[in-house]
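In: predicted model, plus sequence, below.
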Amino acid sequence: MAKHEEVANGVIFPIGEKNEAFAKYFIGQSYFKLLVADPEINVGVGNVTFEPGCRNNWHIHRNGYQLLLVTGGEGWYQEEGQPAQLLKAGDVVVTHDGVKH
């Protein structure tokens with residue numbers, strides 16, 4: 001399989017549809033697939049896939065956490081005031097309430 005082919009083919013999670021609902025927060029194309037939306041457990045789980053060169057704008061997740069599981073490909077993650085970190089398949093990042101990234 002080519003370097004990023006496993007991501008494009010949705011080997012682990014389905015790639016989803018073009019991420020039109022949140023397009024204003026991205027530079028480039030991303031895709032979104034909601035995996036879990038259950039008000040009984042008060043958690044949402046989604047798969048976001050980035051095309052090469054796609055960038056997510058600075059933003060804050062309030063009132064909770066965000067867990068990033070890198071399932072394929074590679075990219076960069078940065079919290080405000082911290083150095084950028086290279087992410088690759090298998091990496092996990094937990095962001096805390098109110099951290100700008």
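Out: Received, thanks.
In: quick check, Q29 in contact with R55.
Out: No: using CB atoms under 8 Å, Q29 makes no contact with R55, being 10.7 Å away. C-betas here are computed from N, CA, C, even on glycine.
In: helices of this structure, start to end?
Out: Ranges of helices in the chain, per DSSP state H, are 5-8.
In: what residue spans form the domains of it?
Out: Following automatic domain parsing, the chain resolves into domains at 1-57, 59-101.
In: turn those domains into JSON lines, columns for mean pLDDT and mean neighbour count.
Out: Converted to JSON lines, the domains of the chain look like this (pLDDT from 0 to 100; neighbours: other CB atoms under 10 Å):
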{"stretch": "domain 1-57", "mean pLDDT": "83", "mean neighbour count": "13"}
{"stretch": "domain 59-101", "mean pLDDT": "84", "mean neighbour count": "12"}
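In: what residue of the protein is the furthest out?
Out: E40 (23.6 Å; CA atoms, centre = their mean).
In: state the phi and psi torsions of that residue.
Out: The phi/psi pair for E40 (degrees, to the nearest 10) reads phi -70, psi -30.
In: again with E51
Out: Phi and psi for E51, reported as degrees, to the nearest 10, are phi -70, psi 160.
In: so who does the residue most central in space within the chain touch?
Out: Note on the chain: the residue nearest the mean C-alpha position is V48, at 4.5 Å, using CA atoms, centre = their mean. Going by CB atoms under 8 Å, 6 or more residues apart in numbering, V48 touches 19, 30-32.
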